[in-house]
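In: Could you work out the structure for the sequence below:
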Amino acid sequence: MLSLFRRQISLKVVLPLIAVLTVLMVGFGIYFVRERTRAVEGLLLTKARNLVLVGAASMEKILSDAVNNGELTREDLFDTDYQLITEGPLAGTDPPKFHTRYDRFFDREFQDLLDHFAMEDPSIVFAILVDHNGYVPTHNRRYSKPLKGDEIHDRDNNRTKRIFDDPVGLKAARFLGNAEHAVLRQIYERDTGEVMWDLSAPVMIDGQHWGAFRLGLLLAETEQSIVRMRQTILISTVMMLLVSSVTIVLVVRRILQPLVTMTQSVEHLADGKIYQGFQMDSNDEIGKLIKAFNKMSSQLQQTTVSRDYYDCIVESMREAMMIISSEGVIKSANQST
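Out: From the prediction side, this is the model:
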């Protein structure tokens with residue numbers, strides 16, 4: 001292969017071009033995939049942030065109106081005396097279930113609204129209100145299903161009336177926000193093994209921090225979209241590289257074909273064969289080289305014809321004729337000699 005590379009100028013031109021093209025296209029493909037991934041994640045984050053802010057504002061409005069209308073007292077709303085549920089279908093669970101003085105109001109007013117947020121997008125797993133200790137009085141219906149006595153089933157399908165005091169849950173519940181970051185985003189692995197985005201915005205009641213509105217986004221669908229996008233870009237890059245490589249090979253062969261023909265002609269001329277010459281309507285370097293070679297070949301053939309004519313004359317002479325070197329050595333002589 002190395003010897004073939006050294007002997008063929010077309011390979012010396014084609015292979016470096018293809019190598020450079022491959023590096024450029026692979027680099028561009030990687031850059032494009034990263035940029036599109038960032039764009040997809042950016043769009044998802046923007047949509048989720050807007051939903052969280054709207055949700056937090058809606059919850060604040062409902063709770064403030066309830067306090068102002070007398071449906072709830074501030075003491076009821078900020079109740080943190082979590083009572084363990086010891087009777088009914090939610091009793092004796094692990095993790096345990098609790099209730100507060102505002103649970104009935106939340107169950108009545110918020111479950112349909114939370115369901116609406118969760119139905120906006122299949123990737124939205126949950127939308128919940130949590131107090132500053134991580135207590136979830138009401139969950140959307142997807143996670144408020146009846147208990148069956150199976151620990152894993154009940155854990156994954158009934159998440160209401162629980163205190164989520166894990167680091168992610170507490171950080172979300174106690175996030176106060178600021179001018180630069182109104183929404184907190186956390187990426188974590190859920191207890192079900194799913195990788196999620198947790199976005200939360202604070203819920204304030206008359207300037208007092210009550211808790212947060214949390215939105216959970218499952219990244220599986222987004223990751224699948226990104227994987228499909230990467231596969232499409234990879235296939236497109238490979239196809240473009242193949243087409244470009246074939247085009248380069250054909251173009252280089254076409255450009256260098258006159259050189260190949262001229263090389264064969266030089267070999268024939270070196271073997272003593274007559275060279276007829278060929279025409280090439282081009283003013284580039286190859287065209288000029290071929291024209292110069294045609295001129296040189298024509299002059300060489302004329303010189304060869306003149307020499308043959310001279311030899312015939314010398315051989316037909318009756319007088320002796322010799323060519324002698326300065327050392328006295330006979331170099332040549334005609335027939336008469």
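
In: quick check: mean pLDDT across whichever helix in the chain runs longest?
Out: Counting residues, the longest helix found in the chain (DSSP state H) is helix 9-69. Averaged over helix 9-69, pLDDT sits at 85.

In: In terms of secondary structure, what does it contact?
Out: helix 2-7, helix 74-77, helix 103-119, strand 124-131, strand 195-205, strand 208-218, helix 220-270 (3 or more CB pairs under 8 Å, 6 or more residues apart in numbering; DSSP states H and E). For the C-beta atoms, the positions are set from N, CA and C on the backbone; glycine is no exception.

In: mean pLDDT lowest for which of those?
Out: Taking the mean pLDDT of the helices and strands packed on helix 9-69, helix 2-7 comes last: a mean of 51.

In: Kindly tell me how buried residue 244 is, as a neighbour count.
Out: By the criterion of other CB atoms under 10 Å, residue 244 has 15 neighbours.

In: give the contact list for the closest residue to it other than its chain neighbours.
Out: Among residues not flanking residue 244 along the chain, residue 21 sits closest, at 5.7 Å (CB to CB, 6 or more residues apart in numbering). The neighbourhood of residue 21, defined by CB atoms under 8 Å, 6 or more residues apart in numbering, consists of 241, 244, 245, 248.

In: if I look at the first one, how far off is residue 18?
Out: If you measure residue 241 against residue 18 using CB to CB, to the nearest Å, the figure is 8 Å.

In: same check, this time on residue 139
Out: Distance of residue 139 to residue 18, computed by CB to CB: 59 Å.

In: and the two? which has more neighbours close in?
Out: residue 139 (25 against 16).

In: looking at this, the more buried one is in a helix?
Out: No. Judged by DSSP: H, G, I helix; E, B strand; the rest coil, residue 139 forms no part of a helix; its state is coil.

In: Phi and psi next, for it.
Out: Per-residue torsions, residue 139: phi -120, psi 160 (degrees, to the nearest 10).

In: before we move on, what SS does the nearest residue to residue 336 once chain neighbours are set aside have?
Out: Closest residue to residue 336 apart from its sequence neighbours, by CB to CB, 6+ apart: residue 320 at 5.0 Å. Of the three states, residue 320 takes coil according to three-state DSSP.

In: Correct me if wrong: residue 33 contacts residue 231.
Out: No. Counting by CB atoms under 8 Å, residue 231 is not a contact partner of residue 33; they are 10.1 Å apart.

In: And those two? Which one has more around it.
Out: residue 33 (17 against 10).

In: check contacts around that one.
Out: Going by CB under 8 Å, 6+ apart, the list of residues near residue 33 reads 229, 230, 233.

In: Next, the contact list for the first one, please.
Out: Taking CB under 8 Å, 6+ apart as the contact definition, residue 229 lies against 33, 36, 37, 40.

In: Starting from residue 37, give me the distance back to it.
Out: Counting by CB to CB, the gap from residue 229 to residue 37 is 8 Å.

In: Repeat that for the second one.
Out: Residue 230 sits 8 Å away from residue 37, going by CB to CB.

In: Just give the nearest non-adjacent residue to residue 98, would you?
Out: Leaving out its chain neighbours, the residue that sits closest to residue 98 by CB to CB, 6+ apart is residue 82, at 4.0 Å.

In: I'd guessed the one you found sits against residue 135; true?
Out: Yes. Between residue 82 and residue 135 there is a contact under CB under 8 Å: 6.3 Å.

In: Between these two, point out the one with more neighbours.
Out: Per other CB under 10 Å, whichever of residue 82 and residue 135 has more neighbours is residue 135, with 23 against 17.

In: Tell me the backbone dihedrals of that one, please.
Out: Torsion angles, degrees, to the nearest 10, at residue 135: phi -80, psi 130.

In: what pLDDT does the residue nearest to it when sequence neighbours are not counted get?
Out: Leaving aside its chain neighbours, residue 135 sits nearest to residue 163 (4.9 Å; criterion: CB to CB, 6+ apart). Listed pLDDT for residue 163 reads 94.

In: separation between residue 163 and residue 251?
Out: 71 Å.

In: do residue 201 as well
Out: Distance from residue 201 to residue 251, by CB to CB: 59 Å.

In: Neighbour count: these two, which is higher?
Out: Per other CB under 10 Å, whichever of residue 201 and residue 251 has more neighbours is residue 201, with 26 against 13.

In: what residues are up against that one?
Out: Contacts of residue 201 (CB under 8 Å, 6+ apart): 52, 53, 55, 56, 175, 177, 182, 183, 184, 212, 213.

In: Could you give the bridge partners of it?
Out: residue 213 (DSSP bridges).

In: Quickly note the distance from it to residue 166.
Out: Relative to residue 166, and taking CB to CB, residue 201 is found at 19 Å.
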